[in-house]
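**Q** Sequence and predicted structure below; questions after.
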Amino acid sequence: MRFPHRHLLGIKDLSALDIDQILDLADSYVELNRQIDKKQNLLRGRTQINLFFEASTRTQSSFELAGKRLGADVLNMAVSNSALKKGETLIDTAMTLNALRPDLLVVRHQDSGAVELLAQKVDCAVINAGDGSNEHPTQALLDALTIRRRRGRLQGLLVAICGDILHSRVARSNIYLLNRMGARVRVVAPPTLLPAHIDRLGVEVFHDMRAGLQDVDIVMMLRLQQERMHGAFVPSLREYYHFHGLDYEKLSRAKPDALIMHPGPMNRGVEIDSEVADDIDRSVIREQVEMGVAVRLAILDLLSRNLPANSPVAGAK
Amino acid sequence: MNAAAEGYKPIPGTQLTAYVNARLVDPGTGYDGPGELLTQGGLIVDTGPKLFADGIPAGCEIIDCAGQVLCPGLIDMKVFVGEPGAEHKETLESASVAAAAGGITTIVTMPNTDPVIDDISLVEFLKRRARFGALVNVHPMAAATQGLKGLGMSEIGLMRQAGAVAFTDGVQAVANAVLMRRILSYASRYDALIVQHVEEPMLAEGGCMNEGEIATRLGLSGIPDAAETIMLERDLRLVELTGARYHADQLSCAISVEIMRQAKRQGLPVSCGVSAAHLALNENDVGNYRTFFKLSPPLRREEDRAALVAGVADGTIDVIVSGHNPQDQESKRLPFAQAATGGIGLETLLSVALSCFHNGHVSLCDLLARMTINPARLLGLPGGKLARGQPADLTLFDPGKSWIVTGNRLRSKSKNTPFEDRHLQGVVLRTVVAGEAVFIREEA
């Protein structure tokens, strides 16, 4: 079955069918990833550029591994050394990269919409690895894969997304994906960390952790994005942890077998108690990282199927 | 009045022009009907339904208006030009060419230039440049605070003498309440108009569109209504204290219209404006990060747009401006949060504003008042009405004719129109400044 998208810019653009297709393929890649010989040659001769304007550990390394396992030449662009810091515009950077004739471009940028803007200007397939507070589609997909493998389905599950929703692209992508797949979504956060009219995205809004976690199947914790906290959103980390940090006491409201998820990197003792995070019976945080590689393998695979047999002429657009 | 019957004697050496077969619309008197008009040199000699009943004076140039609307030349109270400092975006000359093509005979320039217009020499510089390079009348607004820094009052009295028609910090509000109080208080002694960008800067900080569902979906920080209403309410209380003349330059939300309605009922010496774009567009137009719709104040909900139109209709909103703000590609082809605000609007002002008339919300005469006599009165400028002795600044347009906006065909140096590919109704046929045609549409 053909994947009907040239780029992966956001979950917003995907149908339930698209999401199932990605997750099914990703599922099959989990096994590949566990073999000793992980090398494939699906992307042999293809060039993948990872363009990260914002620092990332797991997303970037996960994309790098996935590309390499499929046989692509992978180039990591270090933005601190790039011309962008010397005043080059995003569009100029896009045109320069385009001349390098990549087939796949993985982009993270601090501004919402920046990846989409780039995608309009380059000839290759573009994958959004996180743009501002807009979307982080591969994170939502790997979360969904993790849940689906543990619970066998997404339909009908009750999911609480807790913490800094305001700044979170992970939250938005997860809300879109879970809604599309028939799960019920709650958001739990102090009012200062919720964007305006979040309820119109089809979620139930809670300000109290205990009420919000009542009977949920999945608890998704979000990182408190202290680097985006221009101004005061919460009075102190101590107070935040007291009311919104996930500990066993608050977790006891959820279903007894509720899964604990976190996109990482974690602030232990801020949004999540260390013991809860490491609880091997409940926490699937490390599994999420593993699923990340599988999902990215699937995305690279699906998008590469739509690439022209020969790369387009650079600068033709 | 009958010019011929009165035995009007032309002054030798100055051109007489007769406009015949016109639909005269004069917001000065409220007249809207067939009529004729005579100008000599730079002034209107007379006007009336049957001015030339006894014949047209000899040696007269005759303009047949073919039943189209002849009204006072439009006055646009909010125009950003790139001069001085950003001539690659727009010069006084290029802005004036665009204005003339849009039926605008007077533009009022904003002081947000480089250097800032905060000194008499710069006010004089602009007026001099305009005299030699611009097709239309140019009147500068000057900075309300030195360097637009919001710290100290600018030389309001001296710049008023030099020809500044009003005082504003342009794209930002005077945020300091004590300073604003003193500016209002001081300006009242010179009867100077203080124009405020009504936006509380801390509440708007980092915001790039209306706060709401769409901003949330796009992952963009929003600007709440309260940023506007708080600044507006604060200023109105300061106007109560000082009695100064105050103008909120652009409203964007429904609550602001209601606040102004109350303030006027209360008798405060206040007025307000709206941009044509805000009467025609809403936040949905931002779509997928379309930066040409990033405006300041931001486009808001459909119900806000409707309330602004209602405000124009009932007279709460005094003035419609273009808010013409030229930006080059480098300033707009950026991620939404980084992109410059503003859109060009001189050539589309009349057509976009006319949608309020075509949709049946306001009479043509009342609509034109918002772009003629009202800004003239607020700024103490001549013109804005069709009367003996007034400047012969005139606009002739076909209100019903439609056209499609193509940015690249607009005359402004910058092409950032939010109306690209839109069908608009209303085409300017001829623009006259001081009796001289500065724009004549080529095609019939």
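**A** Okay, I see it.
**Q** Model confidence for B:Ala444, exactly?
**A** With respect to pLDDT, B:Ala444 has a value of 52.
**Q** swap that for B:Phe439, please
**A** On the pLDDT scale, B:Phe439 gets 98.
**Q** A:Val79 too?
**A** The model's pLDDT for A:Val79 equals 74.
**Q** measure it to A:Phe53 for me?
**A** 5 Å (Cβ to Cβ, to the nearest Å). Heads up, the C-betas are built off the backbone N, CA and C, glycines and all.
**Q** Compare these two (neighbour count), which wins?
**A** A:Phe53 (23 against 17; other Cβ atoms under 10 Å in any protein chain shown).
**Q** Roughly how far does that one sit from chain B?
**A** As for A:Phe53, its distance to chain B is 10 Å (criterion: Cβ to the nearest Cβ, to the nearest Å).
**Q** Quick check, that residue in contact with A:His109.
**A** Yes - counting by Cβ atoms under 8 Å, A:Phe53 touches A:His109, with 4.6 Å between them.
**Q** so what's the spatially most central residue of chain A up against?
**A** Nearest to the mean C-alpha position of chain A, by Cα atoms, centre = their mean, lies A:Gln139 at 2.0 Å. Contacts for A:Gln139 were tallied using Cβ atoms under 8 Å, 6 or more residues apart in numbering or on different chains; they are A:59, A:130, A:169-170, A:173-174, A:263, A:292.
**Q** Please narrow the residues you listed to those residing in helices.
**A** Counting by DSSP state H, the part of those found in helices is A:59, A:169-170, A:173-174, A:292.
**Q** Can you show me the helices along the stretch 101-250 of chain A?
**A** For the stretch 101-250 of chain A, applying DSSP state H, counting those that start in this stretch gives helices covering A:114-121, A:137-151, A:169-180, A:209-213, A:237-244, A:248-251.
**Q** Tabulate those helices in CSV, adding columns for mean pLDDT.
**A** Output for the helices of the stretch 101-250 of chain A, formatted as CSV (pLDDT from 0 to 100):
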stretch, mean pLDDT
helix A:114-121, 94
helix A:137-151, 98
helix A:169-180, 98
helix A:209-213, 98
helix A:237-244, 93
helix A:248-251, 97
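**Q** What ranges does the stretch 51-200 of chain A have for its strands?
**A** With DSSP state E, counting those that start in this stretch as the criterion, the stretch 51-200 of chain A has strands at A:73-78, A:104-109, A:125-131, A:158-162, A:184-188.
**Q** is chain B contacted by the last one?
**A** No - taking Cβ under 8 Å from any Cβ of the partner chain as the criterion, strand A:184-188 and chain B are apart, separated by no less than 11.3 Å.
**Q** Sheet-wise, list the partners of that strand with their directions.
**A** strand A:158-162 (parallel), strand A:204-206 (parallel) (DSSP bridges).
**Q** give me the number of residues near B:Leu241?
**A** Neighbourhood size, B:Leu241 [other Cβ under 10 Å]: 10.
**Q** Would you agree it falls within a helix?
**A** Yes - counting by DSSP: H, G, I helix; E, B strand; the rest coil, B:Leu241 is part of a helix.
**Q** Please report how far it lies from chain A.
**A** 31 Å.
**Q** quick one: low-confidence parts of chain B?
**A** B:1-13, B:444 (pLDDT under 70).
**Q** Please name the residues that touch the residue nearest the centre of it.
**A** For chain B, the residue nearest the mean C-alpha position is B:Asp76 (2.4 Å; Cα atoms, centre = their mean). Going by Cβ under 8 Å, 6+ apart, B:Asp76 touches B:99, B:104, B:106-108, B:321-322, B:324, B:346, B:349, B:371, B:375.
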